[in-house]
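A.B. asks: Structure here, sequence nowhere to be found:
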């Protein structure tokens, strides 16, 4: 064989050796970097429970909360406060009504044993004059009916 062929074969042989050496180095590097691949896979698939959030995101979230949630909360607060005020007003009205009814009941119990003085009741501003007149008429009608029944039975 000639020297040029030998030289070409030697160059090919050297080139193959260098390629094999590069492949060995590459496989060693791959082994070193992939030896921790199971842990790397677990780290990549796990979800972060606690992490750092950029200040801009936090500020944006605060601003969003201020613009959306705070007005809604205030609206509901005002609505609830109005309802509470209405209920307190109604409670006060009912308390006054209860006191008036107790007074009327007390006065009626005082008159229970006696004959009612309709003239005094008509002057009393606590009583409805139409109702007092109606009561007076009903009492008179009752007495007439009682009298008529007593005549028929005797």
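C.D. replies: Yes, it's here. All values reported here derive from a predicted model rather than from experimental measurement.

A.B. asks: Show me the shaky parts of this structure.
C.D. replies: 1-2, 40, 43, 46-51, 110-115, 154 (pLDDT under 70).

A.B. asks: how's it carved up into domains?
C.D. replies: Structural domains annotated on the chain: 1-51, 54-114, 115-154, as defined by automatic domain parsing.

A.B. asks: Next, count neighbours for residue 121.
C.D. replies: The number of residues packed near residue 121 is 19, by other C-beta atoms under 10 Å. The way it works is simple: take the backbone N, C-alpha and C, and place the C-beta from them, glycine included.

A.B. asks: how far away is it from residue 136?
C.D. replies: Here the criterion is C-beta to C-beta, to the nearest Å. By it, residue 121 lies 8 Å from residue 136.

A.B. asks: And residue 102, by the same measure?
C.D. replies: Counting by C-beta to C-beta - residue 102 and residue 136 are separated by 23 Å.

A.B. asks: Of these two, which one has the most company?
C.D. replies: A direct count of neighbours by other C-beta under 10 Å for residue 102 and residue 136 places residue 136 higher, at 15 against 10.

A.B. asks: No further questions, thank you.
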